[in-house]
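> here's a sequence, model it:
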Amino acid sequence: MVQKQPGAPASQIFTNLIANNRQVVWKYPKAITASETGWQINDSLNSDKFWAVLLEENLNH
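Here you go, the predicted structure:
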């Protein structure tokens with residue numbers, strides 16, 4: 001979760017999640033691109049933002 005402060009100008013946010021070969025079981029919002037390698041999000045911080053993933057250990061690796 002990233003919170004935009006009232007009165008602050010919009011800015012960009014860039015974040016990485018390294019999943020280390022874990023399987024994505026659930027993600028929010030559904031439109032984010034997340035895989036066994038992780039995610040990269042680059043978004044405009046013009047309002048509060050929330051991203052989430054539920055990962056499960058990938059036993060095939």
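
> may I have the strands that pair with the least confident helix or strand in the chain by mean pLDDT, each with its orientation?
The helix or strand with the lowest mean pLDDT-type score in the chain, counting by mean pLDDT, DSSP states H and E, is strand 34-35 (a mean of 86). Its sheet considered, strand 34-35 pairs with strand 38-45 (antiparallel) by DSSP bridges.

> quick check: which ranges of this structure have low pLDDT?
61 (pLDDT under 70).

> need the helices for the chain, in chain order.
Counting by DSSP state H, the chain has no helices at all.

> residue closest to the middle of it?
Centroid check for the chain by Cα atoms, centre = their mean gives W51 as the closest residue, at 4.6 Å.

> P29 is in contact with that residue, correct?
Yes. In this structure, W51 is within contact of P29 by Cβ atoms under 8 Å, at 7.3 Å. The way it works is simple: take the backbone N, C-alpha and C, and place the C-beta from them, glycine included.

> and for the nearest residue to A52 once chain neighbours are set aside, the neighbour number?
When the adjacent residues along the chain are set aside, A52 lies closest to Y28, with 4.6 Å between them (Cβ to Cβ, 6 or more residues apart in numbering). One way to gauge burial is a neighbour count; for Y28, by other Cβ atoms under 10 Å, it gives 11.
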